[in-house]
Structure formats: C-alpha cells, structure tokens
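> I'd like to go over a predicted model; first the sequence, then the structure.
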Amino acid sequence: MAYVTVIPAVIFLLVEPYKKNRFIRFHSFQCIFLTVAALVVGVALRLLAATLLLLPEGLFLVVLFAILAVLGCLLLWLLLLLKALQGEFFKLPWIGHLAEKQANRG
C-alpha cells in the first residue's frame, strides 16, 4: 500500500504496528524518497521543456520526453508494487540504500 501514494507511506511510519516492521518501513521510506526524487526530476524536465519549446521541433521533443517519462514512472511504480507484494526488499539505486538505512534505524 505504501506505493499507492505517499500518504499511506507516511501513515505506515507513524502508526503501530507498522512502524516497527522493517519491511514496511523500508518500502515506506523508499516511496517517500522516490516521490521527492520524482518531484526534483519533474522540475528539471519542465525547465528542459521550456527550453526545448524555443526550437522549431521542440514541441515534438517535449511530447516525446513527456510520454517516455510517464511510461518510465508507470513501469517503475508497477515494478516496486509487485516486488513489495512478493515480499522482496527490492532496492532502487541510491534511494534504496537511503531507505534501508532509515528502515534499520527504527
């Protein structure tokens, strides 16, 4: 459930008995860190889109990047959801390491 939106992830970190479960803590932290990273990448992509729109073929490139970004996010979300449902500690590069460190603190 942590990967549905960031709200359940935060709730799982605050509510007993979930906040003591290392598996739930790991996936909750990974969801939160991924959401923050996605927001940063989203801002960067919007700046890139604004720049690309100055080019004659810019609209095509912006639409292409937007489609690829949405498909990439959807595939990543499905992968994380499936791995969590299978009971795996599937770690994303960088983000997964941070999530594991935070999950082990509690």
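Arrived safely, thanks for sending.

> how close does the residue most central in space within the chain sit to N104?
Centroid-nearest residue in the chain, with C-alpha atoms, centre = their mean: L34, separated by 2.9 Å. Using C-beta to C-beta, to the nearest Å, L34 is found at 18 Å from N104. (Glycine included, C-beta is placed from N, CA and C.)

> likewise F65?
37 Å.

> ok, those two, which is more surrounded?
With neighbours defined as other C-beta atoms under 10 Å, F65 and N104 compare such that F65 has more, 14 against 10.

> that older thread, pretty sure the residue nearest to the centre of the chain is touching I95, no?
Yes: the pair L34 and I95 qualifies as a contact (C-beta atoms under 8 Å) at a distance of 5.5 Å.

> using the three-state scheme, assign the most far-flung residue of the chain relative to its centre.
Distance from the C-alpha centroid of the chain peaks at P56, with 32.8 Å (C-alpha atoms, centre = their mean). For P56, the assignment made with DSSP: H, G, I helix; E, B strand; the rest coil gives coil.

> backbone phi and psi for it, please?
Per-residue torsions, P56: phi -60, psi -40 (degrees, to the nearest 10).

> in stretch 88-105, what's buried?
Using 16 or more other C-beta atoms under 10 Å as the test for burial, stretch 88-105 gives 92, 95-96, 98-100, 102-103.

> residue ranges with poor pLDDT in the protein?
106 (pLDDT under 70).

> contacts for stretch 20-35 next, please.
2-3, 6, 8-10, 12-13, 18-19, 76, 80, 84, 87, 89, 91-92, 95-96, 98-100, 102-104, 106 (C-beta atoms under 8 Å, 6 or more residues apart in numbering).

> from the buried residues of stretch 88-105, which is closest to L39?
Relative to L39, the closest of these is I95; by C-beta to C-beta it sits at 12.9 Å.
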